[in-house]
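>>> Can you look at this prediction? I've put the sequence above it.
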Amino acid sequence: MRTFKVVTLCLMLVAGNAAAQDRQQMIITNGPPPEGMVQFPGMPGRQFKTGTARIRGRVISADSGSPVRRAQVRISGPDIAAKTAMTDAEGRYEFRDLPGGRFNLSASKSGYVDVQFGQTRPFESGKPLDVTDAQVMEKTDIAMPRGSVIAGRILDEFGDPVADALVSAMRSTWTNGRRRLTPTGRTSQTNDLGQYRIFGLPPGEYYVSATLRATGMEMAAMEMALAARAGGGAAIAGPSASAPTSGYAPTYFPGTTNGSDAQKVAIAVGQEAQGTDFGLLPARLAKITGTVIGSDGKPADGTMVNAVPRDPIGLAIPSTARTDKNGNFTLNSMSPGDYSLQTMSMQIMTSGGGDTMSFRVTMGGPDGGDAEFGSVPISVSGDDVTNVIILTSKGATATGRITYEGGSKPTTPTQLRITAPSVDNAGGPSLGGGAAGTAKEDGTFELKGLGGMRIIRPANMPQGWILKSVTVNGADITDTGMEFKAGETIAGVEIALTSKLTDVNGTVKGAGSDLAKDYTLVVFSDDPQRWTLPMNRYVTGVRPGQDGRFQVKNLPPGGYYAIALEYIPQGEWGDPQVLDRLKDRATRFTLSEGSTKTLELKLQQ
């Protein structure tokens, strides 16, 4: 068995190249995985249910009512493994052997807009389906509108076509605590005439961005794969060439690198917006050179360095380089922008050879505790950046226990997982180890490789239990998280679960005394300080069931507003400005621990 180090952000590229060889496989772990650590259908730790309920329906075209053949219909729910059915010649589908419960349905097919069951407007959430055991639910039909299209050409500064540019349609959405431009739908790649065509879009307003960057990632991945097969990390000898010194910056329609100057492209249902042509803006490319030094003061040999855009626009692609035996790296063809140079030590163990070679990957040493990571901010303006030093350090360790309040400790064992995702909203991926662990039978757990601001959350909790609080030596960090510094050990983390669940339910009246059945309920804290929390538990939006009643479970105790809106795009209720406008028309109520609240609301425009 052979070992060498690489960075996690390039592992999938290596896997992609290795997968071209028959019967090769790749296993990625954070130390030795406990039984059921990764929860896939059929693996230990996740118990799926079956029953005798059925859901049947048709998928039809919204404009003509004709059947949509060979559409993919997907069903998901908390008690089942997600499954997909294909519609027949009459557009029919069926799911069998379902347990009683709540499910979500969605349908997709090329040329149509992806739609959830109960969705009637663009970017709206779908409606859940409540099914009892042995029930046969008929006529759960889904109407799919024809997708809209944005098409055009991408040109260079001379008016010549640009091939292989990646073009994306983007929407302004509220995501992860701030408003961002996020890609929507499929990505198009220009052909030899510079033509692109983005199809299957819902009607709406979009920004269009194009990116053409030479990153060398595929060459780095191929080099790693060949080095693994040869048993070493040496680069492959060959002729050298000068790196290009000019290229193109990520560009918005109608030809600007500034998102605030971009123009929206509006499209109606099934419309094709043609002639959305624009030119990429030329930019001077730079070279970044530097050295990676480990915590032992020695050069880090064979690690990968990734230049990740700190505030990426469009489809900006991370650039990647590999360190030599002296820890030196070179990143070529870097367009102007702000980046984060990131690196993490990992260990690859290979075995076998030929068509049966396999990879096993761990972060750091065999138990994942020796992972080192580092990050340095870099601004590129066209001039080469030299002598960059990236110092890596070992991540922090946190230890603690699970406690149960409001009832007896559950007797049914589960593979309760503890995660610690990053809450850094600066943009770009965050390094800092796997930050996940499995609780032991006595409720204790350990998290390794932590770095930066993290928020701790339990997953795969026992049925009937939810998160109450997370404290560190008595200090509440449930919703704010805490910063973990390199090399430190934090003890006294306590995750309290409670069986005292809350429930908010009720009805909404439309015009006159009729009950409304098509709306979105938005519930949010009456404390504006809680509107911007990461992984927010205090703000949510739900759609009603088939009977028009709404239900929101497991909100934390506290004061809230509730308002029923005729239409609001999914996720827009996370915007504090939106909530500030809604609160004066909303109904205020209070939830105590374990309480149920029934509301009768009036539909708002």
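Done, it's in.
>>> Could you check how many residues crowd around the closest residue to residue 384 other than its chain neighbours?
Excluding the flanking residues, the one nearest residue 384 by C-beta to C-beta, 6 or more residues apart in numbering is residue 287, at 4.6 Å. In short, each C-beta sits where N, CA and C put it, glycine included. The tally of other residues near residue 287 (other C-beta atoms under 10 Å) stands at 16.
>>> mind listing what residue 287 touches?
Taking C-beta atoms under 8 Å, 6 or more residues apart in numbering, we find residue 287 in contact with 243, 330, 331, 332, 333, 334, 384, 385.
>>> Tell me if I'm right that residue 183 and residue 168 touch.
Yes: contact criterion C-beta atoms under 8 Å: residue 183 and residue 168 qualify, at 4.4 Å.
>>> quick one: which of the contacts of residue 287 is nearest residue 567?
For the contacts of residue 287, the minimum distance to residue 567 (C-beta to C-beta) is 43.4 Å, reached by residue 334.
>>> partners of that closest one in the sheet?
When assigned by DSSP bridges, residue 334 has beta-bridge partners residue 286.
>>> List the contacts of it.
Contact analysis of residue 334 by C-beta under 8 Å, 6+ apart lists 285, 286, 287, 288, 307, 319, 380.
>>> Where does the fourth one fall, secondary structure wise?
In this assignment (DSSP states H and E), residue 288 forms part of strand 286-293.
>>> Can you point out the buried residues in that strand?
Residues of strand 286-293 classed as buried: 286, 287, 288, 290, 291, 292, 293 (neighbour count, 16 or more other C-beta atoms under 10 Å).
>>> wait, is residue 581 part of a strand?
No: counting by DSSP: H, G, I helix; E, B strand; the rest coil, one finds residue 581 to be helix, located in no strand.
>>> Need the pLDDT of it.
If you check residue 581, the pLDDT there is 96.
>>> so how many other residues sit close to it?
10.
>>> Quick check: it vs residue 561, distance?
12 Å (C-beta to C-beta, to the nearest Å).
>>> With residue 109 instead?
Residue 109 is 39 Å from residue 561, where distance means C-beta to C-beta.
>>> Does residue 290 touch residue 378 like I think?
No: at 9.1 Å, residue 290 does not count as touching residue 378 under the criterion of C-beta under 8 Å.
>>> what's the overlap in contacts for the two?
341, 385, 388.
>>> Filter those residues down to the buried ones.
Among these, those that count as buried by neighbour count (16+ other C-beta under 10 Å) are 341, 385, 388.
>>> How about the contacts made by the first one?
Spelled out, that is residue 341. Residue 341 touches 288, 290, 305, 306, 307, 375, 376, 377, 378, 388, 390, counting by C-beta under 8 Å, 6+ apart.
>>> What is the neighbour count of the fourth one?
Spelled out, it's residue 306. Counted by other C-beta under 10 Å, the residues lying close to residue 306 total 25.
>>> Okay, and the beta partners of it?
Beta-bridge pairing of residue 306 under DSSP bridges involves residue 320, residue 342.
>>> Kindly provide the distance from it to residue 343.
According to C-beta to C-beta, residue 306 stands 7 Å off from residue 343.
>>> my read: residue 197 touches residue 148, true?
No: taking contacts as C-beta under 8 Å, residue 197 lies outside contact range of residue 148: 11.4 Å.
>>> The two: which has the busier surroundings?
residue 148 (26 against 16).
>>> domains for the chain, by residue range?
Structural domains assigned to the chain are 2-26+149-230+244-391, 53-144, 395-498, 503-604, following automatic domain parsing.
>>> That'll do, ta.
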